[in-house]
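task: produce atomic coordinates for the following.
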Amino acid sequence: MDYSKLNEITVKSQEELDMIPVEFKGRIYIEFGTAWDPAVVKNKYGRYVVARDNSSVVAMDNSSVVARDNSSVVAWDNSSVVAMDNSSVVAMDNSSVVARDNSSVVAWDNSSVVAMDNSSVVAMDNSSVVARDN
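Numbers count the residues shown, from 1 in each chain. Below is the predicted model:
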């Protein structure tokens with residue numbers, strides 16, 4: 001597959017995700033992964049990766065993931081996450097999180113969290129939190 005000619009790609013397996021070169025500049029959509037067997041984003045690409053359709057994702061090594069459609073993300077190693085539509089997030093190691101629409105967030109190790117719309121937040125170790133609505 002010639003990734004240089006693609007503006008976006010949807011992956012449905014870890015093997016497909018792992019084949020995408022780090023130099024890929026388009027949008028990557030993840031449509032796989034469960035809480036017991038999550039998709040693992042190991043690279044930082046030109047654009048953030050989007051988890052959708054109830055996918056569960058672990059973001060590693062400074063990768064960036066946006067969770068949509070009831071997806072969940074665990075972010076490690078300075079990863080950043082935006083969680084929407086009832087998504088849940090665990091952010092560690094200086095990760096940044098924005099959670100909306102009844103999302104639940106746990107953040108530690110100097111993480112920063114913005115939580116809105118009935119979100120629950122646990123923030124530890126010098127974390128900064130802005131929480132609104134219940």
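
going forward, measure contacts and count neighbours with C-alpha atoms only.
Will do.

where do the helices sit along the protein?
Using DSSP state H, the helices assigned to the chain run over residues 14-19.

please enumerate the strands of it.
8-11, 27-30, 39-41, 49-51, 56-59, 64-67, 72-75, 80-83, 88-91, 96-99, 104-107, 112-115, 120-123, 128-131 (DSSP state E).

residue 17: which of the ones you listed is closest?
For residue 17, the closest of the strands of the chain is strand 8-11, at 5.9 Å, according to Cα to Cα.

run through the bridge partners of the residue nearest in space to the middle of the chain.
With distances taken as Cα atoms, centre = their mean, residue 65 lies nearest the centre of the chain, 3.2 Å away. Note on residue 65: beta-bridge partners residue 49, residue 81, judged by DSSP bridges.

who's in contact with it?
Under the criterion of Cα atoms under 8 Å, 6 or more residues apart in numbering, the neighbours of residue 65 are 48, 49, 50, 51, 59, 73, 79, 80, 81, 82.

now with 7 Å, please.
Contact analysis of residue 65 by Cα atoms under 7 Å, 6 or more residues apart in numbering lists 48, 49, 50, 51, 59, 80, 81, 82.

just residue 132 next, same as before
Contacts of residue 132 by Cα under 7 Å, 6+ apart are 115, 116, 117.

any idea how far it lies from residue 98?
12 Å (Cα to Cα, to the nearest Å).

between those two, what contacts are shared?
Joint contacts of residue 132 and residue 98 (Cα under 7 Å, 6+ apart) are residue 115.
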